[in-house]
Each structure stands twice: as structure tokens, then as C-alpha cells.
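Undergrad: Can you look at this prediction? I've put the sequence above it.
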Amino acid sequence: QVQLVESGGGLVQAGGSLRLSCAASGSIFKINVMGWYRQAPGKQRELVADITSSGSTNYADSVKGRFTISRDNAKNTVYLQMNSLKPEDTAVYYCHVRGVALTAIFQVSDYWGQGTQVTVSS
């Protein structure tokens, strides 16, 4: 199986910055897309940003110009640099990977991290 370990969440004042990291490990054959979702209390989980293996990126309109996603393919790690944070960015952030495990090379699966809390105070 594939395991995802996230780090970097915390409490920050509005206007501040945080950097999230997510490392994938385990029986990985291929990783296609890596990304970040978030879920605020009482709201649905939403895509924040994702990045393909070739480096193509996709961002939610609400974070464009403030957040930057990147990945290190050699380390199977994805990063989310969050600048100019706003109170409305407060949520649990989840790492997401879409890829293929060595134990099931004909199947593309979705994997999720345990989530990391980001709290932005006003």
C-alpha cells in the first residue's frame, strides 16, 4: 500500500505563511497526480491545488497568486507554500495522491493523508 505523511500545519496570523509537505512511501509503482484538498468545519472538502508528474499545476481560484504547489518526483513529495494567508484559509488540509501501487499495477487508486490543521487568526 501507499502511505502519506503530512507535516507543516499550525497556527499563523493573517498575512503570514506556512509550508505544507507530504511524503508518499510504500509500494509505489507510479504517482500521477499529487495535490492538496482542504475541509473547513461545516463545508465540503475542496481542491486547493494539484500537480501532475510533468509539472502541470491547477489551483482553486481562491488561492491563485497566494499558494504555490511543487513536487520532488525523486522523493515522492509534494509541497504547498501558502503566503498571504487569510482567516478563510482555516481548514484541515489533506494530501492526495493518485497513482499505482506495486501490488496492483493495473489499477489507479486514490490515497489520502491523515490531514493537518491550518488555523489563520485575524
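TA: Noted; the coordinates are in hand. Note that the structure is predicted; figures quoted are calculated from it, not measured. Residues are numbered from 1 along each chain as shown.
Undergrad: contacting residues around the nearest residue to Ser122 once chain neighbours are set aside?
TA: Spatial nearest neighbour of Ser122, excluding adjacent residues (C-beta to C-beta, 6 or more residues apart in numbering): Pro87 at 4.7 Å. Using the backbone N, CA and C atoms, a C-beta is placed for each residue, glycine as well. When contacts are counted by C-beta atoms under 8 Å, 6 or more residues apart in numbering, Pro87 touches Ala14, Val120, Ser121, Ser122.
Undergrad: Buried members of the residues you listed into PyMOL, please.
TA: Selection of buried members from the contacts of Pro87 for PyMOL, criterion 16 or more other C-beta atoms under 10 Å:
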select buried, resi 120
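Undergrad: what's the most distant pair in the contacts of Pro87?
TA: Greatest spatial distance in the contacts of Pro87: Val120 and Ser122, 7.6 Å, computed using C-beta to C-beta.
Undergrad: what do these two both touch?
TA: Ala14, Pro87.
Undergrad: Asn76 and Glu88: what is the separation?
TA: The spacing between Asn76 and Glu88, counted by C-beta to C-beta, to the nearest Å, is 31 Å.
Undergrad: just Cys95 next, same as before
TA: From Cys95 to Glu88 the distance is 21 Å (C-beta to C-beta).
Undergrad: Ile51: which of the contacts of Pro87 is nearest?
TA: Nearest to Ile51 among the contacts of Pro87, with distances taken as C-beta to C-beta, is Val120, at 23.0 Å.
Undergrad: residue contacts, the closest one?
TA: Val120 neighbours (C-beta under 8 Å, 6+ apart): Leu11, Val12, Gln13, Ala14, Gly16, Leu85, Lys86, Pro87, Glu88, Asp89, Thr90.
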